[in-house]
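>>> Structure here, sequence nowhere to be found:
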């Protein structure tokens, strides 16, 4: 039951199934959306009037400012920042209307909680999670891919459960929650053991023991607990 909107989801789940080191497939989907949005905002979308109106209002979060900056399109950033700053100049000017400081406090508070790229990613990512839930309910082949995942990070595990609870019948949701829990709990048991062994390796009594699968346990634990997002793009190797 392949459709255009299911292709990215299927590809991400197939990739993580075939290479467990890729980790949570939903993290991979998020990163792909993020890369696409960064390419667009510093490329085709940069000069579109409709987009500029929105970016002037919302701006960008610190993470995405940093990710835009390292892409080395400083002119593109400067053009976007120019119109954004001009608009902000007017909106945070402390006029005579209202209490002193009320206007800048209100506008800056809104600015600190908004980001054009975050908003775009969230819009599309929420629909990808809905697609995961839909495919699990309606596509037996996808259920097999789902069951073969190395793990789901905790934030995306939560989002899948919340979405499934809203979209599925009680009976289907119970089965989905059980299938997802088996994956997450199995990985958590393995990860906890690896982190514990990593700690023991710093005890001289375990110095002669092998590391087993614990050398990167700290990194894997962080990715599992807080997701694996905003990863810089891999450099292409010269052939």
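That came through fine. As the structure is a prediction and not an experimental result, all values here were calculated from the model. Residues are numbered from 1 along each chain as shown.
>>> can we go C-alpha only for contacts and neighbour counts from here?
Will do.
>>> Now residue 149: phi and psi?
The phi and psi values for residue 149, taken as degrees, to the nearest 10, are phi -70, psi 140.
>>> Might you report the residue contacts of it?
For residue 149, the contacting residues are 13, 16-17, 20, 23-25, 183, taking Cα atoms under 8 Å, 6 or more residues apart in numbering as the criterion.
>>> what about it, distance to residue 87?
Going from residue 149 to residue 87 by Cα to Cα, to the nearest Å gives 47 Å.
>>> One more: residue 209?
62 Å.
>>> picking that back up, could you flag which of the contacts of residue 149 are buried?
Burial by neighbour count, 16 or more other Cα atoms under 10 Å: within the contacts of residue 149 this picks out 13, 16-17, 23-25, 183.
>>> quick revisit: please tabulate the contacts of residue 149 in a markdown table, including the columns secondary structure and pLDDT.
Supplementary listing: the contacts of residue 149 in a markdown table, determined by DSSP: H, G, I helix; E, B strand; the rest coil; pLDDT from 0 to 100:
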| residue | secondary structure | pLDDT |
| --- | --- | --- |
| 13 | helix | 98 |
| 16 | helix | 98 |
| 17 | helix | 97 |
| 20 | helix | 96 |
| 23 | coil | 97 |
| 24 | coil | 98 |
| 25 | helix | 98 |
| 183 | helix | 98 |
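>>> quick check, nearest of the residues you listed to residue 49?
In terms of Cα to Cα, no member of the contacts of residue 149 lies closer to residue 49 than residue 25, at 34.6 Å.
>>> residues touching that closest one, list them.
The neighbourhood of residue 25, defined by Cα under 8 Å, 6+ apart, consists of 12-13, 15-16, 149, 152.
>>> with these in mind, which one is nearest to residue 32?
Distance from residue 32 was checked for each of the contacts of residue 25 by Cα to Cα. The minimum falls on residue 12, at 9.8 Å.
>>> just checking, that closest one touches residue 27?
No. Counting by Cα atoms under 8 Å, residue 12 stays clear of residue 27, with 9.3 Å between them.
>>> What residues of stretch 160-172 count as buried?
Residues 160-161, 163-165 are the ones in stretch 160-172 that count as buried (16+ other Cα under 10 Å).
>>> Among the residues you listed, which ones are in strands?
Among the buried residues of stretch 160-172, the subset assigned to strands under DSSP state E is empty.
>>> so where's the protein uncertain?
Filtered on pLDDT under 70, the chain yields the residue ranges 1-2, 94-98, 232-239.
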